[in-house]
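[1] Sequence and predicted structure, then a few things I'm wondering about:
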Amino acid sequence: MARRITKKQLILDDRERHAMVRAGEAELRLIQKDIRDVLAGASPPSLSYIANVLKQAGTQVDYEDRYSDPLIPIGYAARLEGALQFHDLAAAEDALVKLDAAYRDYESVSDHAGARLVQKLALRGKQRAESLASNSRVSAQKRAEKREIANWFRIWLESPGLFFGWLEVRKQTEEFRALFPSQSPEHAPEAPNETRGV
């Protein structure tokens with residue numbers, strides 16, 4: 001029985017064939033074209049997916065769109081790489097706790113580039129959540145969850161200093177409890193220390 005070749009494997013094979021250490025949009029489009037030729041009519045993977053597979057394999061990828069993670073400079077990568085996770089409400093809250101802590105730390109030492117990078121990550125989270133919330137192929141419950149998460153990112157972007165207080169109030173509302181009955185405020189991650197300035 002022949003082994004089924006996945007799109008991910010095709011990307012990795014192309015990476016090896018072209019000895020790709022670094023890739024920009026042109027290289028991503030080349031891989032996309034190669035895969036389209038191999039798949040003979042089936043839809044090729046998106047540029048974002050190709051970029052993420054290459055990054056995971058160790059290729060330096062210089063490409064950004066609303067679905068890919070922003071390019072994170074080396075000095076910030078250890079803290080921010082992979083921080084933008086929101087597969088459910090608890091993960092989204094945890095991501096915002098981490099992003100908020102990084103934002104406050106960067107602000108406290110006047111690292112404007114770091115603070116802007118955190119804001120860019122939060123904006124990307126909001127955009128991705130909105131995209132999933134409007135995708136009819138996603139279940140109704142997951143769409144509601146992604147709408148809620150998009151709203152969390154929006155509120156944090158508008159008022160990071162007030163966000164966690166707002167979130168605790170939001171989770172106590174009848175609307176939230178009706179939408180997400182399995183969510184228990186007692187199991188939420190601890191909010192950052194509100195006495196710290198923004």
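    Alright, I've got the coordinates.
[2] confidence score at the nearest residue to Ala83 once chain neighbours are set aside?
    For Ala83, the nearest residue in space outside its immediate sequence neighbours is Lys98; the separation is 5.1 Å by CB to CB, 6 or more residues apart in numbering. Heads up, the C-betas are built off the backbone N, CA and C, glycines and all. Listed pLDDT for Lys98 reads 96.
[3] What is the three-state secondary structure of the residue nearest the centre of the chain?
    Centroid-nearest residue in the chain: Leu84, 4.1 Å away (criterion: CA atoms, centre = their mean). Here Leu84 is recorded as coil under DSSP: H, G, I helix; E, B strand; the rest coil.
[4] pretty sure it is touching Leu123, no?
    No. With contacts counted by CB atoms under 8 Å, Leu84 stays clear of Leu123, the gap being 10.2 Å.
[5] Tell me how far Glu174 lies from Asp105.
    For Glu174, the distance to Asp105 (CB to CB, to the nearest Å) stands at 36 Å.
[6] Could you pull out the strands in the chain for me?
    With DSSP state E as the criterion, the chain has strands at 22-23, 60-61.
[7] dump the residue contacts of the residue nearest to the centre of the chain.
    Asp69, Ala95, Leu99, Leu121, Arg124, Gly125 (CB atoms under 8 Å, 6 or more residues apart in numbering).
[8] So what does it have for phi and psi?
    phi -90, psi 80 (degrees, to the nearest 10).
[9] again, but for Ser136
    According to degrees, to the nearest 10, Ser136 has phi -70, psi -10.
[10] quick check: domain ranges of this protein?
    Using automatic domain parsing, the domain parsing of the chain gives 7-61, 75-187.
[11] Least reliable of those by average pLDDT, please.
    domain 7-61 (a mean of 89).
[12] Just the terminal-to-terminal distance for that domain.
    Using CA to CA, to the nearest Å, the end-to-end distance of domain 7-61 comes to 18 Å.
[13] picking that back up, which of the strands of the chain sits most buried?
    strand 60-61 (a mean of 18; mean count of other CB atoms under 10 Å).
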